[in-house]
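S.K.: Fold the stuff below for me.
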Amino acid sequence: MTPSPSPSSRLRRTSLRAGIERLAFVFVVAVIAAVASERMFWFWSTDLTEHLFVSAFYALAAGVTLWAMARHRVSGWWSLWLATPLFPLVVEGVITPVTYSGGPFVPLFPAWFAFWHGILAFGFLVVGVRALLLARRTALLAVSSVALGVFWGVWSTTLWLPENVEDPELIADQGAPLEVLDPSAFARYAIVFTAVVMVGHLALGRLWPASFEPARATVRLWGGLVVLGAAAWTVVVPWALPMFLAYVALQLWGLRRHERVAAEPTLLARLTGPTPRRPLLALAAMAPAAAITYAALWEVGFSLDAARAVMWTTIAVQTVAGFTISAMALRRAGRPHAPPGEGPGQSVPGPTVATRSTSNS
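M.R.: Coordinates of the predicted model:
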């Protein structure tokens, strides 16, 4: 007769399974966010292996941001904008040193990336889409997907510019100048990564936890990697680490102020549950919207000067928006506010019956 597992053995197995699910959750969030942060932003590549490899690095940024959301009880959209800047700070301040390119006292890159990587990639493509899916806001999700697809198609014309095609960073990463995609190649590209986002959200329906409490050792590892990564760039950019720590301290200050008045339940807890299939199909509108927009601009002979104007206008608008939204979020931190679903701009679904906790045992 085979002896039954001891309570301690069952506990270890449960903890191991919870840990694996937690890491899988972080990785899938990174896979989705990296579509906006990489594939819509600067790099052409339909190599899914490469995308998963890049997402492994993005997982550090995703883990830190999710931990901050859970640790400081982010409970609504304004408090989410206190946490999302941490995502680009890790992506562009630890994985790469681009955040520091404008100098130690110029918030150009932190503000721009706070919008692109923080609000667009993490805030909308992960959290916002998740909220719309669970709320079954199919029409709004379809409109949002079309709008994002049109933006994707227009922004992609900036990758026709000689200064971007021959960008040294891109050449160093890919070993060759950037390839300018024709409309059919771009359509395939858009379909592949729209599918990645859809499959990712389907997976999040099984992985999204009711609480996110990584083990202390994991949090210390993430923190150590982040500080070491930022410190390593001081060899090239002397102000990298103090600039990085200053921006992180600013966001944590806002998050701590929010935590004192945070509503319950948290935003993470309200986004648990299986992903509805029918609303998920609305996301598919992103690919044709992007492909049609790109093809139309290609056919009308969209000039390089026009593409350059798109690039600098987009950067300017996103920088102002990123700075403004971040400043407003910091200003609102510490104010009592209605929980999600009870105030303007706070509409997210309520908690579901089937929840999953990944807390430590």
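S.K.: Every contact and neighbour count from this point should use C-alpha atoms.
M.R.: Fine.
S.K.: Leu66 versus Leu48, what's the distance?
M.R.: To Leu66, Leu48 is 24 Å away according to Cα to Cα, to the nearest Å.
S.K.: Compare the two (neighbour count), which wins?
M.R.: More neighbours surround Leu66 than the other of Leu48 and Leu66, with 23 against 12 (other Cα atoms under 10 Å).
S.K.: residues in contact with that one?
M.R.: Under the criterion of Cα atoms under 8 Å, 6 or more residues apart in numbering, the contact list for Leu66 reads Val26, Phe212.
S.K.: what pLDDT does it get?
M.R.: At Leu66, the model reports a pLDDT of 96.
S.K.: Please apply the same query to Val348.
M.R.: The model reports Val348 with a pLDDT of 52.
S.K.: swap in Ser8?
M.R.: Ser8 is assigned 60 on the pLDDT scale.
S.K.: Show me where the stretch 1-150 of the chain dips below the pLDDT cut-off.
M.R.: For the stretch 1-150 of the chain, the stretches flagged by pLDDT under 70 are 1-15.
S.K.: all helices of it, in order?
M.R.: 7-34, 48-71, 77-83, 86-90, 108-113, 129-134, 138-155 (DSSP state H, counting those that start in this stretch).
S.K.: which of those sits most buried?
M.R.: Counting by mean count of other Cα atoms under 10 Å, helix 86-90 has the highest mean neighbour count of these, with a mean of 28.
S.K.: Show me the contact partners of that helix.
M.R.: Contacts for helix 86-90 (Cα under 8 Å, 6+ apart): 60-62, 64-65, 99, 110, 113-114, 117-118, 122, 226, 244, 247-248, 251.
S.K.: and if we set it to 6 Å?
M.R.: Contact with helix 86-90 is made by Ala61, Thr65, Phe113, His117, Gly118, as judged by Cα atoms under 6 Å, 6 or more residues apart in numbering.
S.K.: And the residues you listed, which two are furthest apart?
M.R.: Greatest spacing in those, by Cα to Cα: Thr65 and Phe113 (14.4 Å).
S.K.: start to end distance for stretch 153-160?
M.R.: 12 Å.
S.K.: What of stretch 38-53?
M.R.: Where stretch 38-53 begins and where it ends lie 12 Å apart, using Cα to Cα.
S.K.: again, but for stretch 105-122
M.R.: End-to-end span of stretch 105-122 (Cα to Cα): 26 Å.
S.K.: what's next to that stretch, contact-wise?
M.R.: Ala33, Ala36, Ser37, Thr84, Pro85, Phe87, Pro88, Thr99, Gln318, Thr319, Gly322, Phe323.
S.K.: And the fifth one, how far from Arg277?
M.R.: Using Cα to Cα, one gets 31 Å for the distance from Pro85 to Arg277.
S.K.: Kindly report the same for the third one.
M.R.: Here the criterion is Cα to Cα. By it, Ser37 lies 25 Å from Arg277.
S.K.: Looking at those two, which is more packed in?
M.R.: Ser37 (23 against 12).
S.K.: Tell me how many other residues crowd the nearest residue to that one once chain neighbours are set aside.
M.R.: Distances taken as Cα to Cα, 6 or more residues apart in numbering put His117 closest to Ser37, at 5.5 Å, once the chain neighbours are dropped. Number of residues near His117 (other Cα under 10 Å) recorded here: 27.
S.K.: switch to numbering from 5
M.R.: With the count now opening at 5, the last piece we talked about shows up as His121.
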